[in-house]
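In: Prediction below, plus the sequence it came from.
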Amino acid sequence: LLLVLLLVYGMSMIDRQIMGVLIEPIKKEMGVSDSAMGLLTGLAFALFYSILAVPFGRFADRTNRRNLIAWCCGGWSIATGLCGMAVGFWSLTAARVGVAVGEAGSTAASTTMIADVYPPEQRSRAMSVFSLGPHLGSLVGLGVGAWIAQHYGWRAAFLWLAVPGVVIALVLRLTCREPLRGAQEARPVTQAVAEKFSEVMAALVANKAFVRLALASMLMAFAGYAIGMWNTAFLVRSHGLQLKDAGAIMGFIGGPAAIGGALLSGWLTDVMAKRDARWQVGAPLLGTLISVPLGLAFYLNDSPQSLQLAGLQIPHAIGFYGLFAVFSSFWAAPVFAALTNVIAATRLATALSIYNLLLTAVGGGLGPLVVGLLSDAFTAHAGHESLRWALVCMLAFYLLAVLIYGWAIKPYVGFLKSKKIA
């Protein structure tokens, strides 16, 4: 079940992240600005995702989650294929909205299923495997997507990468079972509790651990989505790489580095949290803090020197990016696991859908758009290097997230000690 849900999550991120490698050819064909591409890659997607995320979460708390995820996966994959058939900017935007609608019902429901299979002491490792989805999505979406776009055009990239999602949706529906809700709690939930949405929201607002972890992660997503969406364009503009080389570097170097970081964070958090519960939040804090100077070293390095490897032109600055990718991925799995430890199973999907709404609406929606706006604004002074400075600005939000993760440690540990579950 964990591996199939990983594949589902990976496909959602492939279909989301592929836009990052296709910004330049789509912009050129349709003659639009960086701000318009920021709108397409961010806000247009996030707006509809946000509208439907919470209703899908409420539905997942009351229905068969396996079937819901399978239908959503098949739906967004078909919408991805429709992106390749777009005849203009607005029809492409409409197809991206279809992708957003499908993806809104997947992540929160998947996370609750994993929490029902793995006990708390193993949950960070399980979540670290699940959180490989975005990194696998980057590897395939950026690496393979760039290769397809380079040789067959950006439309073919959408069409080819739509097919695996439909297959995985069928695999999930036909081979996996729905786990017992709350199976890893002291008292499993045999049926959904009919709580009012206002009651759930009141409990979550009162849960300081949830509020602070969500706020910090929202800032991480705001910067992270923006960086992931624009990095390929940055390598093309500031380092003079061809699209296929830039996409391959982001996918096949950044992807495995982030995968290593996600697995390391899950293992390290489970080991350290057994000794001191504060490490459940301390691991994301430490990884994020280390990533900031590495990110600065990557973006501010304008050395023209590069090396040739497997036919790719690789700038020396990529070494800093590889380390940045390792440590900037430390936050996702431990925070997911931390949230499952302080939220009751009967409202977990709703809570996580709100959490994912914040990450996607603010992070995925505004992050890429803000970078596009900053890049356009900096053009008068920085010329073709405007994107470099727009991305540097995003690292300030990582530092702010570090402070808020530190602020979340005390209420998180307090909830565990008092055994109060929100």
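Out: It's in.

In: what ranges do the helices span in the stretch 201-350 of the chain?
Out: Ranges of helices in the stretch 201-350 of the chain, per DSSP state H, counting those that start in this stretch, are 208-238, 243-249, 255-275, 279-300, 318-328, 332-342, 348-358.

In: what comes into contact with the fifth one?
Out: Which is helix 318-328. Contacts of helix 318-328 from elsewhere in the structure, counted by CB atoms under 8 Å, 6 or more residues apart in numbering, are 224, 231, 249, 253-255, 257-258, 260-261, 264, 287-288, 290-291, 294-295, 297-298, 301, 398. Bear in mind the C-beta positions are built from the backbone N, C-alpha and C, glycine included.

In: ok, now with 6 Å
Out: The contact list for helix 318-328 (CB atoms under 6 Å, 6 or more residues apart in numbering) reads 253-254, 257-258, 260-261, 287, 290-291, 294-295, 297-298.

In: now the angle between helix 279-300 and it, please.
Out: With axes from the mean of the first three to the mean of the last three CA atoms, to 10 degrees as the basis, helix 318-328 and helix 279-300 are set at 160 degrees to each other.

In: CA atoms only for helix 318-328, dumped as CSV, please.
Out: Output in CSV follows, covering the C-alpha atoms of helix 318-328 (Å, rounded to 0.1, in the frame of the first residue of the first chain):
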residue,chain,number,x,y,z
ILE,A,318,25.5,22.5,-9.1
GLY,A,319,27.5,21.0,-6.3
PHE,A,320,26.0,23.5,-3.9
TYR,A,321,22.5,22.8,-5.3
GLY,A,322,22.9,19.1,-4.6
LEU,A,323,23.6,19.7,-1.0
PHE,A,324,20.8,22.3,-0.8
ALA,A,325,18.4,19.7,-2.2
VAL,A,326,19.4,17.2,0.6
PHE,A,327,18.8,19.5,3.5
SER,A,328,15.9,21.5,2.2
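
In: so which of the helices of the stretch 201-350 of the chain comes closest to S375?
Out: Proximity to S375 (CB to CB) singles out helix 208-238 among the helices of the stretch 201-350 of the chain, at 7.9 Å.

In: what pLDDT, on average, does that closest one get?
Out: The average pLDDT for helix 208-238 rounds to 92.

In: Can you list the buried residues in stretch 269-286?
Out: In terms of neighbour count (16 or more other CB atoms under 10 Å), stretch 269-286 has its buried residues at 269-270, 272-273, 277-286.

In: out of the residues you listed, which one sits closest to C72?
Out: When the buried residues of stretch 269-286 are compared against C72 (criterion: CB to CB), the nearest one is P284, at 27.5 Å.

In: quick one: contacts for the closest one?
Out: F330, W331, P334, V335, Y405.

In: tell me the contacts of A351?
Out: Counted by CB under 6 Å, 6+ apart, A351 has contacts L204, I343.

In: So F330 sits against G287, correct?
Out: Yes: taking contacts as CB atoms under 6 Å, F330 lies within contact range of G287: 2.4 Å.

In: Now do the residue lying closest to L348 once chain neighbours are set aside, the pLDDT please.
Out: Using CB to CB, 6 or more residues apart in numbering and skipping the chain neighbours, the partner closest in space to L348 is T112 (4.7 Å). You'll see T112 listed with a pLDDT of 89.

In: higher neighbour count, F330 and G287?
Out: The residue with more neighbours, out of F330 and G287, is F330; 28 against 23, by other CB atoms under 10 Å.
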